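Task: produce atomic coordinates for the following.
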Amino acid sequence: MKQVLQHLRDGQTVVDEIPSPSPAAGRLLIRSRVSLISAGTERMLIDFGRAGLVNKARQQPERVHQVLEKLRSDGLGPTVEAVRAKLDRAVPLGYCNVGTVIGTGAGSGAFATADRVVSNGPHGEMVSVPVNLCAPIPDGVSDETASFTVLGAIALQAIRLVAPTLGEAVVVTGLGLVGLMAVQLLRSHGCRVLGIDPDPARVALARGFGAEAADLAEPLAAARAFSRGRGVDAVIIAAATASSEPVHQAALMCRKRGRIVLVGTAGLELSRADFFEKELTFQVSCSYGPGRYDPDYEEGGNDYPFGFVRWTEQRNFEAVLDMMAEGRIDVAPLISHRFPVAEAEAAYRVVGGSEPSLGVLLQYPAEPDAMRPVSPTVVLRETPAPDCDALSVAFIGAGNYATRVLMPAFRRAGARLDTVVTQNGVTAMAGARKFGFRRASTDVESALADPAAGIAVIATRHDSHAGLLLAALVAGKHVFVEKPLCLTRSDLQRIEQALAARPAQRLMVGFNRRFAPQVVRMKELLGTLRSPKVFAMVVNAGAIAADHWTQDRTIGGGRILGEGCHHIDLLRHLAGSAIVGHSAVAPGRDPASPATGDTAILTLSFADGSLGTIHYLANGHRGFPKERLEVFCAGRVLQLDNFIRLRGWGWRDFRSMNLWRQDKGADACVARFLDAIRSGAPTPVAREEIIEVSSAAIALADALG
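As a prediction, the model looks like this:
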């Protein structure tokens, strides 16, 4: 199917062929009818993409700070790779979509096939959208009118924050699509409205909607006259500028205790004097309303209680649609251009160029049978697939780690890259093109059922690992699953039973640190000693937001299980002895940060008397190296510093082993796995150790709550 994408590196906008999305729980599968280009937001994306590296850095100084911290901790090579990976992405454009439901996943509520709906889906022939970001379209509302719903909800949310009352005087600065929608909504609310914009045509539109208009050269004088010398009650800033002048002007326009809401973008160098004497309130409006950027609401489908949160983003969609049905919102004058989706590149040249434009619509064929067939799988290379190839790989997931580390490692190790599968198809297509896969797809079941691939690589969100792993084993695949193996003890038991019934199939978890060249050397040195060892490991993990998916115990497992399993496995490997005891303790709660359970001290005891501690710390500074391991045994010491420097004390034939760049063993891990399949040798990490380490990691995470 066709979808509109933007390449972040150079800002190029393209209409690309990608796999169509597949039905998913809590989502609607929608065949698009029309979508609206949000000129303000999408032009900013275009301008960012076209900017050079220096200008990109100037626009996102916080990202520069993160890059510098990574450079200090991990070195030049990994930092350059990380930056390149970010810029190599193509991102879907658009968030104002109208279409017909053609598929519903479990938990889709009252939506049904053939419903006309509005959503924040991107510009594509088919889109998959969470149900809480969709709303049914009343019969009397046309597709083109409904395509303005999302922008209308943005304007409506700003108005809800302003909380105007009947007869109040409100200024709207910036008369783009959102500003002109705000003018109409405010007029319907019984407010007097003054519109300000440098474009005479847009000012004329605002007048047509019942607003008064300001001379841009004298906006303060116009506001004074408009408010009868008393100061306006409120200002909505819907402009897009880096200047702080709109906020300053808004403050001067307002009466005492006036309200200012920013719904566009503007500089925020606020003057205390502007706000102090008048006791003004200033607020930034967050998109469509309550629920926006809350994964529990948007992706989880959990609605806010109606009696406590009257206007969520979905209910704002509904309110705008109701006003459209009643004729209170007129969008016909806002439409300046229409293009077929296949000509979207021309549409974006209009949006990003000097030609006057406002509402630019992308149109899709109205009847399903008129549309070219769409498929969840796109074939990139017509080379025939073998009936069965033990070293042919189906990749499930194409996120950051999969594309930066795992896919290159499998290609270098000689695997045949057959199919890459992701939920939305965009990342599947990007990964397939970059690494030479034969196919890109959104159909996980078909990819696992295809006998052509002998290996399934699972690199998806942590809560999906167990189910995909079991499905791959049932399909007869060898499986490489990125850590963790699973999140619950019941899933671990099911995996153990499935493995017992399939002794010939290889299972590998991405415990790559044990294959790092310096760890291999440590294992050799420690293998000459019989005394118990004491391990002291410090992991400067760095803070992650409490609402990040990895912190959620049900979907990410929490960081102790999700990442700490790496370090448990490393100590288990170097000890060469079974884990016989473990405990976990967390520090007292820091009142300055949310309790996430990602700062803890883990203690392991081994059957040979060895002991290990893992200080997994999220309360340090990112500029400090991430991982340090020290081993004390029989009058000797080894110190591994961030997988770059290894030093030894007390060893007759060893003093140091230093690398030019960090190597955590990912390539060697994959190569050893493929070698085992080629030769029929046992998996490089024994099944028993995988189960043992996973069991300990789950228990430690449970102990921390």
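
Settle this for me: residue 238 is touching residue 263, isn't it.
Yes - counting by Cβ atoms under 8 Å, residue 263 is a contact partner of residue 238 at 5.2 Å. In short, each C-beta sits where N, CA and C put it, glycine included.

More neighbours: which of these two?
Set residue 238 next to residue 263 and count neighbours by other Cβ atoms under 10 Å: residue 238 wins out with 31 against 26.

ok, back up a step: need the overlap of contacts for residue 238 and residue 263.
Common neighbours of residue 238 and residue 263 (criterion: Cβ atoms under 8 Å, 6 or more residues apart in numbering): 155, 158, 178, 182.

Name the member of those with the most neighbours.
The residue in the shared contacts of residue 238 and residue 263 with the most neighbours, by other Cβ under 10 Å, is residue 182 (32 neighbours).

Which residues are in contact with that residue?
Residue 182 neighbours (Cβ under 8 Å, 6+ apart): 155, 158-159, 172, 236, 238, 263.

Give me the distance between it and residue 307.
Between residue 182 and residue 307 the computed distance is 28 Å (Cβ to Cβ, to the nearest Å).

Would you mark the buried spots in stretch 232-244?
232-240 (16 or more other Cβ atoms under 10 Å).

Just give the nearest non-adjacent residue to residue 97, would you?
residue 121 (3.7 Å; Cβ to Cβ, 6 or more residues apart in numbering).

and the one you found, how many neighbours?
27.

In terms of helices and strands, where is it?
For residue 121, there is no enclosing helix or strand under DSSP states H and E.

Regarding this protein, what is its longest strand?
strand 27-37 (DSSP state E).

Output that strand as PDB, restricted to C-alpha atoms.
This file holds the C-alpha atoms of strand 27-37, laid out as PDB (Å, rounded to 0.1, in the frame of the first residue of the first chain):
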ATOM      1  CA  ARG A  27      -7.100  -1.100  17.300                       C
ATOM      2  CA  LEU A  28      -9.200  -0.400  14.300                       C
ATOM      3  CA  LEU A  29      -8.000  -1.300  10.800                       C
ATOM      4  CA  ILE A  30      -9.200   1.600   8.600                       C
ATOM      5  CA  ARG A  31      -9.200   2.000   4.800                       C
ATOM      6  CA  SER A  32      -8.600   5.700   4.200                       C
ATOM      7  CA  ARG A  33     -10.900   8.000   2.300                       C
ATOM      8  CA  VAL A  34      -9.300  11.400   2.800                       C
ATOM      9  CA  SER A  35      -6.700  12.900   5.000                       C
ATOM     10  CA  LEU A  36      -5.700  16.500   5.800                       C
ATOM     11  CA  ILE A  37      -2.200  17.800   5.800                       C
END
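
who does that strand touch, helix- and strand-wise?
strand 97-104, strand 116-119, strand 126-130, helix 143-146, helix 344-352, strand 359-363 (3 or more Cβ pairs under 8 Å, 6 or more residues apart in numbering; DSSP states H and E).

where among those is the average confidence lowest?
Lowest mean pLDDT within these: helix 344-352, at a mean of 91.

Can you measure across stretch 209-218, start residue to end residue?
22 Å (Cα to Cα, to the nearest Å).

if we can go back for a sec, and of the helices and strands packed on strand 27-37, who's closest to residue 468?
strand 126-130 (18.5 Å; Cβ to Cβ).

Identify the residues contacting whatever helix or strand comes next after that closest one?
Moving toward the C-terminus from strand 126-130, the next helix or strand (DSSP H and E) is strand 134-136. Outside strand 134-136, the residues that touch it by Cβ under 8 Å, 6+ apart are 28, 30, 111, 115-119, 149, 314, 317-318, 321.

Sheet-wise, list the partners of strand 134-136 with their directions.
strand 116-119 (antiparallel) (DSSP bridges).

Go through the protein and flag its longest helix.
Ordering each helix of the chain by length in residues (DSSP state H) puts helix 687-704 first.

And that one, what's buried?
687, 689-698, 700-701, 703-704.

Could you break the chain into its assigned domains?
2-148+307-362, 150-284, 377-509, 513-704 (automatic domain parsing).

neighbours around residue 436, how many?
Residue 436: 13 neighbours (other Cβ under 10 Å).

Equivalent analysis for residue 114, please.
7.

likewise residue 17?
15.

May I have the beta-bridge partners of it?
residue 2.

now for the host helix or strand of residue 456, which elements pack on it?
Counting by DSSP H and E, the element that carries residue 456 is strand 453-458. In this structure, strand 453-458 makes packing contacts with strand 389-396, helix 444-449, helix 465-474, strand 478-481, judged by 3+ Cβ pairs under 8 Å, 6+ apart.

Tell me how far the third one lies from the chain's centre.
Think helix 465-474. 24 Å (Cα atoms, centre = their mean, to the nearest Å).

Show the pLDDT at residue 110.
86.

three-state assignment of it?
coil (DSSP: H, G, I helix; E, B strand; the rest coil).

just checking, residue 417 is part of a strand?
Yes - Residue 417 forms part of a strand when assessed by three-state DSSP.
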